[in-house]
Structures are given as C-alpha cells and as structure tokens.
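> Here is a sequence together with a model predicted from it:
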Amino acid sequence: MGNSDSKISFQRAVEQLGSPGPVEAGDVAVWDQLCQESLTSIQDVFSLLPAEEIRKLREDSPTNLSTLCYKIVEKLTKSVESSCRTSAEQQTVLNSCRLLTRLIPYIFEDPDWRSFFWSKPEPGMKEGADQTPLGKSMMLAICDLLFCPEFTVSSAGNRSRDEVDELINLDSCEYIWEKGVGFAQTPSQTPQHHHNRVELLRLILTCCSESIYLPPTNEAHIGGNKWVHLFTSPENRHALPLFTSLINTVCGYDPAGVLPYNHLIWADSKENLVEMALQVLVVTLDQDLPMDGDNPDGPPDNLFLNYLSRIHREEDFQFMLSGITRLLMNPLVQTYLPGSQRKVHFHQELLIFFWKLCEHNRKFMFHVLKSSDVLEIIVPILHHLNDARADHSRVGLMHIGVFILLLLSGERNFGVRLNKPYTATVPMDIPVFSGSHADLLIIVFHKIITTGHQRLQPLFDCLLTILCNISPYLKSMSMTAACKLIHLVEAFSTPWFLMSNQTNHNLVFFLLEMLNNIIQYQFDGNYNLVYTMIRKRTVFHQLANLPTDINKAVNKKIKKPLSRQNSNNADQSMEGSYPAKTAEPGTLETSLIKLPRIERLTEGVSAHPSQKQLDRLTQAMDSSSMESRNSFSSEVFPVQPGAELNQSEEKEETRDAFGKSRVKRSDSNYTAEGWRPTPEWIRSWKNQLPLQTVMRMLQVLVPQVEKMCIDKGLTDESEILRFLQNGTLVGLLPVPHPILIRRYQANPGT
C-alpha cells in the first residue's frame, strides 16, 4: 500500500507541474513529493514519467521544468552540505538522480534547451546567491556524493559515521572503491553501496552523452563536451580517486566466482556497477582531435588521459591486463558444466578501453607484447570480428577490433607472438585447422573479406596492412591458411575487380608485398604456402600478363584453377560453432565517420634500423613504396569480391576452386562516380607490381617439382611438401628488400 500511495502522490505532482499555470518555487510540497517519495528503482521513474509527459512539460510549461531542475540540483547540493548522514537524505539523493536521468535526454534533444545547464542562474534568484551554472553545481555534487561514507563507500577504519569529516572536506583518496592501481588496501564491499554508485554513475553517463543528440556536423561539436571537460578537469577535486576507482572496479572484477552456478543462487551487485564504470571510463577517455590545426582556446587537458598515460608500474600493467583478458574471455570459456559460470557481455566497451590504454600509454602496449598474454586479447577480438561480420548494427565493433590489431601489428613482438600454436578452445565459424595464431588471423580475415557485409569494404586496406606487417615474422603457415591467402590473391587480381574501382589494385600490392616478405625472410618453414603458390601459379602469370586493353582484359577467359588431388581440405567448421548472424529486424544501423585512407591511418617505418639509419631508411622506403599510392583517389571504397557493383547490370555467378562465389560481369560498363579505366591508368600501376620475387621463385621451383612428379609418378602432395621443406632459394632470389612496417598514427577518423 505504501509504495502504491507513493506512486500516486508522484503522479499527482507530475500532473500539477504540467498544468498551465507556473508552480511557485516556494511550493515545497510539490518538490518534496517528487524527490522524497519511496521510488525503489529507476524503472519506477521511467514508468511514471513517460516521454509524452516530459515533452508536454517542456513545450507547455517550460518554467515549471526549469524550476524542477533547479530544485532537484538544490537538493543534491544541500545533501552534500549536510554530508548526507540520514537514510531520508540518501533516498532523496537517489530519487533526485533518477529524476534527472529521466529528464536530461529530453532537454538535450531540444536545441533551445541545450545551453540550459550552462547558462546564468534564473532571473528570480536573490542577489548574492550562488552564480555557478547549474550543470557545474550538479556534476560537482555528484562527484562529492560518490565518496560519501555509509552511502557509496564504507567508513575508513573503525570510525563511526558521526566521526567522519564533513563530506565537503573529505579526502577521497582514502576512500578509493577497490584495490588495484595506486591503492593497496582492500576496502569492504557492500551491495547497497554498489547500487547507489550505479545510480550516480548513470546520471554522469547521461550528462556526458549530450554529443549523441547533436547533429553530425563539425560546427555542432565545436567546443567539445562541457560535461566531460568538467568531470575530467582540475575543477573536480575527486578526479584522481574517481579515475583509480573506476579502473580498479573494472579490472578487479571476476564474474566467475568460486562455486559453479553461484550466479543462480546469489545476485551479483557488482556486475551493473562494473558495466556502468566501464562506460563512464570509455566516454571520459575520449578526446576529440582538432580537425584543422591547434585550438589555443580549446578545453583544458583531460586529467583522466593524463593519469592513464602516467601509469608505469609493472604490477599495475599486469593487474589491468589480467582484468581485461579475464572479462574478454569470460563469455567464450567452455566448461564441463553448461551454464555454470556467469557471462558478462560488455566486450565492446572493453575493447575501446583497451584501445585507449594502448594508444595513450605506450609502456602498457609494450608490456602487453612482452609475453604471450597478448594472445589472450587477440583470440576474443578475432572471435567477435568473425561473429559480427554479417551484422550491420555491429560495424562499430568491427572497426575497433581492426584498429586494435592495426595498432599492435606495428610492433615486431606482435608478429613473433602469433607463431605460438593455437589450440581451439573457442568455437568459431571457421574451417578446422592445425596451426598457429597467425593462421587463425589469416582465416578470420579471409572470412571477413569474402562473407562480410558491404559496409566493411573500407576496412580491407587495414586488414591487408595488418597481414603485411606480421608477414616477415611468420615462421610457418598451415595449408588451410595458405589456401585462404592465395584465394584472396586470386579474387583481387581478377580483371573485372581491378577495373571496377580506382583503388582496387591497392589490395593486390599489399598481398604481393606480404608474399614477398614471407619468401625473402621466412621461406624455410612456409612450404605449404610455396606449394599453394606453385599450384596456383597461373594466377600470378595472368596478373603479370594483364592486358592494358580494357575490353580484352575484362572479357579474357579465365582458366579453370588447378584442383588439389588426394587432399581432404573441406571447409568444415569447428564443433560447437554457430554461423554469423545478420542484424535483427528493426535494429538501428550505426553510422560512423568516413574512414581515412590507409596512408593517413599509418606511417611507414623500417623494421630494424639503427638510430643513425632511421631517417634515411624511412624516407627512402616512403618514396619507393608509397609513391605509387599517392596518386590514388582520396576516398577508399573498394568493391568486395563476389559483391554486386550495380544490381541493374547482368552478371553470371561461377564457383572457384574453393567453393566461393565469383561474379563475372557481362558488359564493360565499369563506371564508378563517372570514372572509367584507361590503358594509361592500367600501365601506371601494372609496371610497378612487385612480382619479381614471386616469379623468380616459380621459375626455379616449378620445373623441379614437375620433373620430380614425372620421374617418380607422384600422385600425393606429401612428397612434394617434403621436397619443398628441405629446399632452399639461397642465392637465387633478388636482393632482399627492406622490411616496411606501417604503424598506426592518431587521426580524427579514428
């Protein structure tokens, strides 16, 4: 009965606010009814305050809405002044936060109201009153309340609540929520404190989400997000303890527990807190790069990014890495007892957090790459990339996963670590194989390129750049991965694909560079790849002899690829895996900023130069390797192999040796935004194809293999593989080229 009466009183107060006449600021009864009623959860507020009521209040009674916001914030600031000691005050704080969480999005969605929280106080206020903007008063009050003893934290030591200092003078560094980075003590944990923190953090997150209500124009985002700037600025005296509390809460969380099925018996009060803390971290660590030059009048430095970049202790790095890998692997862990462990599903936020860590703290990234622990990050990333490749609504997850791999691939240790054997502990919708983590990477990338949706095409350059970066360090490639890699060469080098876009030939350059790296630096162990290249040698010969005449190139008959004999290489998926699903009907498609060209995403550097040679080698490689790409279009939108370029045009579908669909176009109209290929354009890049190393290898090995097959009457590939495994090309190949590594560099597009 009591709860029903509270809801009725709340509804009456809302109806009174929506009445035509203004409610006086001195009408204490109305404001107390809204904030002090015993509403038990945020769901109650959402159900009692429907969207239509809030919009009606905003349009018909703007004065009442304005007064309501001022009164709610006033209650928060008064609770801070009184140190929020009583349960009644604590309930008022919770309901005030819930009300603001509900109201603020509808204030943000109206352009006329967006400056409301940062404008001067209302004219009716008395002279001498606090002239602080409403948004600043609210944010600083919430931060104070996040370290309120017996409300959101436990009292320090054995002191009672009455002995605790006034909240406004409290040293919050003594009340960090969890043990971990910068805090060695283990504070006591109370479920009610976790729930209270969630309510306050939810309000902070709501305030910081103002950007999603702004139009997607540069002018609308000039000046940045004032809420994030205030929360992470020196004006927030709790910035350091808040930063460490959020990081320690996320990285110290273990959802597995000790006993199986414990999550079915006891509720976990920390899961919602961890997810909310992670989302607040991700939002506050976001930094908008200036689009045009430096902005001297820009916002102050982000203290959270400052603190993040200054973490340097090995134990802190290991604590964060262990926490991130534990949470990323949690939903993928297979146990003998199905459903015995709690599964968390905030992997996208975790990946963004990991991205920020690596981008702003290079020492942390080097710590990650120092051991095979990096593979515990790579496997979940590849799983999510493979799983999300057909879902338009998860294109953001695809981007962040690829960018992380691009960032890590710029370091030598990443390629070296990928040689560790992979044991299939995580079921994926990929062919069964026996090999290394590098094989897993290649197979997943092949799956993304050949079966992903159309909006992933701008990522093809990034995927192949990653493969180029790791190729000099791949000691051995499985037969499955080798077939997938050569299939990409075959698909990207078809004439119709090369002629359909100004930049498609870029992809062939990347693949040839990868093959050259492996042949020159890792020939001995990659006999499976060499054998596949010999078997598919016609692909390279056709590429070398590509006609410059447009009609002849497009209509040229493609020979049927060689088929493998006595080899069982069916693409049978792993046991327990599920095929990638498309987006659910009605799912909102995400919209991302246009992806910059790969030249703007990366910078070319030599792999192992001395300090004296660094500038000279880098300049030489940039001029030789990038020159052919500088004339390309400023936008990269390659056409996917097997994808429709124009649905109105005729096409026929054939099947290649790997069972993948290939579209053969029946007319020669290859215009894309008014562009047409010309013989001069074809010659401009065909003459620069780095085919010398591949053709020389084929020239040496093909006669030897053919002679051995004829002399011994071989019908089994195992003998050929054994011959290639023991062979050598020392002194027969061209002079090894310098290794070029393309490292990610920060830019507004990412």
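Nice, thanks for sending it over.

> so where do the helices sit in the stretch 401-550 of the chain?
412-417, 437-451, 460-470, 479-492, 495-499, 505-521, 527-535, 537-544, 550-555 (DSSP state H, counting those that start in this stretch).

> packing partners for the longest one?
Counting contacts by 3 or more C-beta pairs under 8 Å, 6 or more residues apart in numbering; DSSP states H and E, the secondary-structure elements packed against helix 505-521 are helix 460-470, helix 479-492, helix 527-535, helix 692-712. C-beta here means a position set from N, CA and C on the backbone, and glycine is covered the same way.

> one more time with 6 Å, if that's ok
Counting contacts by 3 or more C-beta pairs under 6 Å, 6 or more residues apart in numbering; DSSP states H and E, helix 505-521 packs against helix 460-470, helix 479-492, helix 692-712.

> Check the second one too.
Applying 3+ C-beta pairs under 6 Å, 6+ apart, one finds that helix 437-451 contacts helix 375-388, helix 479-492.

> now these as a markdown table including distance to Leu242?
Shown next, in a markdown table, are the helices and strands packed on helix 437-451 (distance: least, C-beta to C-beta, whole Å):
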| stretch | distance to Leu242 |
| --- | --- |
| helix 375-388 | 26 |
| helix 479-492 | 46 |
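
> most packed of those?
helix 479-492 (a mean of 24; mean count of other C-beta atoms under 10 Å).

> now Phe183: how far from Leu278?
Plainly put, Phe183 is 18 Å away from Leu278 if you go by C-beta to C-beta, to the nearest Å.

> who has more neighbours, these two?
For the pair Phe183 and Leu278, the greater number of neighbours falls to Leu278 (24 against 19), based on other C-beta atoms under 10 Å.

> What strand or helix carries that one?
Element membership for Leu278 (DSSP states H and E) is helix 270-284.

> Over to Pro215?
Judged by DSSP H and E, Pro215 forms part of no helix or strand.

> hmm, back to that, how about JSON lines for the helices and strands packed on helix 505-521, with mean pLDDT and distance to Thr451 added?
Formatted as JSON lines, these follow (pLDDT from 0 to 100; distance: least, C-beta to C-beta, whole Å):
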{"stretch": "helix 460-470", "mean pLDDT": "94", "distance to Thr451": "13"}
{"stretch": "helix 479-492", "mean pLDDT": "95", "distance to Thr451": "12"}
{"stretch": "helix 692-712", "mean pLDDT": "89", "distance to Thr451": "27"}
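
> got TSV for those helices, with distance to Trp355 too?
Converted to TSV, those look like this (distance: least, C-beta to C-beta, whole Å):
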stretch	distance to Trp355
helix 460-470	14
helix 479-492	26
helix 692-712	35
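
> Out of these, which is closest to His347?
His347 lies closest to helix 460-470 among those, at 19.8 Å (C-beta to C-beta).

> residues contacting Leu201?
Leu201 makes contacts with 276, 280, as judged by C-beta atoms under 6 Å, 6 or more residues apart in numbering.

> now it, what's its secondary structure?
helix (DSSP: H, G, I helix; E, B strand; the rest coil).

> per-residue confidence for the spatially closest residue to Pro421 that is not a sequence neighbour?
In this structure, Pro421 finds its nearest non-sequential neighbour in Ser436, 5.7 Å apart by C-beta to C-beta, 6 or more residues apart in numbering. Note for Ser436: predicted pLDDT of 94.

> Tell me, how many residues neighbour Ser436?
Neighbour count for Ser436, taken as other C-beta under 10 Å: 22.

> Tell me which residues touch it, please.
Here Ser436 is in contact with 419, 421-422 (C-beta under 6 Å, 6+ apart).

> Out of these, which is nearest to Leu328?
After measuring the contacts of Ser436 against Leu328 - C-beta to C-beta - the closest member comes out as Tyr422, at 16.5 Å.

> show me what contacts that closest one?
436-437, 440.

> Kindly recompute the last result at 10 Å.
By C-beta atoms under 10 Å, 6 or more residues apart in numbering, the contact set of Tyr422 is 375, 378-379, 433-441, 478.

> got those as a markdown table, with distance to Lys78 columns?
What follows is these, written out as a markdown table (distance: C-beta to C-beta, whole Å):
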| residue | distance to Lys78 |
| --- | --- |
| Leu375 | 53 |
| Ile378 | 51 |
| Val379 | 51 |
| Phe433 | 65 |
| Ser434 | 67 |
| Gly435 | 65 |
| Ser436 | 62 |
| His437 | 57 |
| Ala438 | 61 |
| Asp439 | 63 |
| Leu440 | 58 |
| Leu441 | 57 |
| Ser478 | 67 |
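
> Of those residues, which is the nearest to Pro738?
Ala438 (21.7 Å).

> Just the pLDDT for the residue lying closest to Leu464 once chain neighbours are set aside.
Nearest residue to Leu464, sequence neighbours excluded (C-beta to C-beta, 6+ apart): Phe510, at 3.7 Å. You'll see Phe510 listed with a pLDDT of 94.

> Same question for the one 3 residues further on.
Reading off the per-residue confidence, Glu513 sits at a pLDDT of 94.

> Which strands or helices does the host helix or strand of Trp685 pack on?
Using DSSP H and E, Trp685 sits in helix 679-686. With contacts taken as 3 or more C-beta pairs under 10 Å, 6 or more residues apart in numbering; DSSP states H and E, helix 679-686 sits against helix 495-499, helix 505-521, helix 550-555.

> And those helices: which comes nearest Gln43?
Gln43 lies closest to helix 505-521 among the helices and strands packed on helix 679-686, at 50.1 Å (C-beta to C-beta).

> For that closest one, what is the distance to the chain centroid?
Averaging C-alpha positions (C-alpha atoms, centre = their mean, to the nearest Å) puts helix 505-521 27 Å from its chain's average.

> next one: stretch 533-540
Distance, centroid of stretch 533-540 to centroid of chain: 37 Å (C-alpha atoms, centre = their mean).

> Give the rounded mean pLDDT of that stretch.
94.

> any chance you could map the helices in the stretch 1-150 of the chain?
For the stretch 1-150 of the chain, the helices defined by DSSP H, counting those that start in this stretch cover 2-17, 28-36, 42-48, 51-60, 62-81, 87-108, 134-145.

> looking at those helices, which is buried most?
helix 134-145 (a mean of 22).

> Output the contacting helices and strands for it.
Helix 134-145 packs on helix 62-81, helix 87-108, helix 191-208, helix 226-231, helix 239-251, going by 3+ C-beta pairs under 10 Å, 6+ apart.

> tell me, what residue is most central in the chain?
Ile400 (2.3 Å; C-alpha atoms, centre = their mean).

> Give me the spatial nearest neighbour of that residue, chain neighbours excluded.
Sequence neighbours aside, Leu351 is the residue nearest to Ile400 in space, at 5.0 Å (criterion: C-beta to C-beta, 6+ apart).

> If anything else comes up later, I'll come back, but that's it for now.
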